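K.L.:
quick one: sequence and predicted model below, then my questions.
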Amino acid sequence: MPQQGTTEERSLAHWAEEGRAGMEAFYALAVEDYRQIVAARDWAADLRGHARGAATTVLDVACGSGKFPAELQRRGLADAVGDLRVEIDLLDPSPFSIAEARSVLAAPFTVGAEHECRIQDLPDDAGGFDVAWATHALYAVPPAEIGAGIARMVAAQRPGGFGAIVHASADSHYLRFAEAYRATFAPDAVPFTTAEQVREALVGAGVEPAVAPIHYDVGHPDRAVIEGFLQRCVFDDSVSLDRMESEGAVGEYLAGRRNDDGYRFTQVVHVLTWERPA
């Protein structure tokens, strides 16, 4: 049987030490997400351009395991920002995730406060950030609550501060597979939030984001890795790849993505950026 609990609850349960094997299988493919994000724009210029003095303050919303700042570090962010300090607050409802993210951060990042909560629950006294970003981070926020979460994220920026959300669109593997999973195994599950809904929430919060789509494929020949990746995509490790391939909408979806080299999945991701109005 599929694992019980809301999408948020299942997500939180998988961000824990006992979920590390699934996390590693997921990142065997999902590491490409962060390579693509870092290549999509000049993030060093965003940080430098919104600094106040010798430092830029950042709120990393739903920081996960820190893959985005780690990829920025790997791609030379320290050299690109020079003497600028990047003081980053980590926000995530999972203490495991905060610890994982903190463990991978190095120059130019220095860790500031840690906020063990959802973005919609961030206390009002946390704010004034030069930069706030969320990268592949908001899928499990219920669509009914994404407006409140985005409004709180925007409010946490200082006027003129830079914001960025990187999120898969409804046409992307993450959302299409999640919908097929719901139709086949969990019809009562809360849907994932889409990039299109994130954009609507940003407009509702008073900002008009620029939207830059990026397209890329991910794949792997190893069935065990594919199984772990797909299970992690929906936070449910109770459904085997064999069952996925043979049942309902999930089976139909996977049949169209199998080739001689295993599986290939197409991601359509929106990079949404804005400055908070003064």
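P.N.:
Here it is on my side, so go on.
K.L.:
grab the longest helix from this protein for me.
P.N.:
helix 20-40 (DSSP state H).
K.L.:
which positions in that helix come out as buried?
P.N.:
22-23, 25-30, 33-34, 36-38, 40 (16 or more other Cβ atoms under 10 Å). Glycine gets a C-beta too; all of them are placed from N, C-alpha and C.
K.L.:
what's the closest of these to residue 121?
P.N.:
residue 23 (23.7 Å; Cβ to Cβ).
K.L.:
need the per-residue pLDDT for that closest one.
P.N.:
Residue-level confidence at residue 23 comes out at 73, pLDDT.
K.L.:
repeat for residue 110
P.N.:
97.
K.L.:
likewise for residue 12?
P.N.:
Looking at residue 12, the pLDDT reads 61.
K.L.:
how many residues are close by residue 58?
P.N.:
Residues within reach of residue 58, counting by other Cβ atoms under 10 Å, total 24.
K.L.:
give the contact list for it.
P.N.:
Residues in contact with residue 58, defined by Cβ atoms under 8 Å, 6 or more residues apart in numbering, are 47, 86, 87, 88, 89, 129, 130, 131, 132, 133.
K.L.:
so it: helix, strand or coil?
P.N.:
strand (DSSP: H, G, I helix; E, B strand; the rest coil).
K.L.:
what's across from it in the sheet?
P.N.:
Legend: beta-bridge partners of residue 58 under DSSP bridges are residue 88, residue 131.
K.L.:
re the thing from before, ok, and the most crowded of the contacts of residue 58?
P.N.:
Counting by other Cβ under 10 Å, top hit in the contacts of residue 58: residue 132 with 28 neighbours.
K.L.:
let's test this: mean pLDDT of the helix or strand following the longest helix of the chain, rounded?
P.N.:
Scanning forward in sequence from helix 20-40 by DSSP states H and E, the next helix or strand is helix 43-49. Averaged across helix 43-49, pLDDT comes to 98.
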